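Enquirer: model the structure of this input:
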Amino acid sequence: MARKKAQEKLEGANKGSQAKTNSAAMSIKCNVCMQTFMCTSTEAKLKEHSENKHPKEDFFRCFPCQTPEAKAAEITKADADAAAAAKAKLDAPKEKKKDKVYKGSK
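Expert: Okay, here's the model as predicted:
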């Protein structure tokens, strides 16, 4: 029984394609050439792109999302989202635990 549930859980987790997940993670875009980068790209990689592909352009012209103001706004938005999620978790009604039924107890 437990093995079957675990198998069903694994099958449910594997739905969807890796390509869709990867394309959703491409959240940083160069405003000059419109090339996309993974959300985990480091600032050094973005600077390297800016220097190699657009030497006449400013780094912040290519990636306005990397300005200190934009990063600060992103951090405060993330903090607000985390606080809202924590509040929702606290406000949610707690589920009552089910009594265990043992074989042969009835």
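Enquirer: where does residue 46 fall, secondary structure wise?
Expert: Assigned by DSSP states H and E, residue 46 belongs to helix 43-53.
Enquirer: dump that helix to CSV, restricted to CA.
Expert: Provided in CSV are the C-alpha atoms of helix 43-53 (Å, rounded to 0.1, in the frame of the first residue of the first chain):
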residue,chain,number,x,y,z
GLU,A,43,26.5,39.2,-12.0
ALA,A,44,29.9,38.3,-13.3
LYS,A,45,28.4,36.3,-16.2
LEU,A,46,26.1,39.2,-17.0
LYS,A,47,29.0,41.7,-17.0
GLU,A,48,31.0,39.4,-19.3
HIS,A,49,28.1,39.3,-21.7
SER,A,50,27.8,43.1,-21.6
GLU,A,51,31.5,43.7,-22.1
ASN,A,52,31.8,41.1,-25.0
LYS,A,53,28.6,41.7,-26.9
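Enquirer: which pLDDT does the model give the residue minimising distance to the centre of the chain?
Expert: Residue closest to the average C-alpha location in the chain (C-alpha atoms, centre = their mean): residue 25, at 7.4 Å. Residue 25 is assigned a predicted lDDT (pLDDT) of 73.
Enquirer: measure it to residue 67 for me?
Expert: Using C-beta to C-beta, to the nearest Å, residue 25 is found at 22 Å from residue 67. No exception for glycine: its C-beta is placed from N, CA and C like everyone else's.
Enquirer: show me where the chain has strands.
Expert: 28-29, 36-37 (DSSP state E).
Enquirer: most tightly packed of those?
Expert: strand 28-29 (a mean of 16; mean count of other C-beta atoms under 10 Å).
Enquirer: for that strand, enumerate the helices and strands it packs against.
Expert: On a contact count with 3 or more C-beta pairs under 8 Å, 6 or more residues apart in numbering; DSSP states H and E, strand 28-29 meets strand 36-37.
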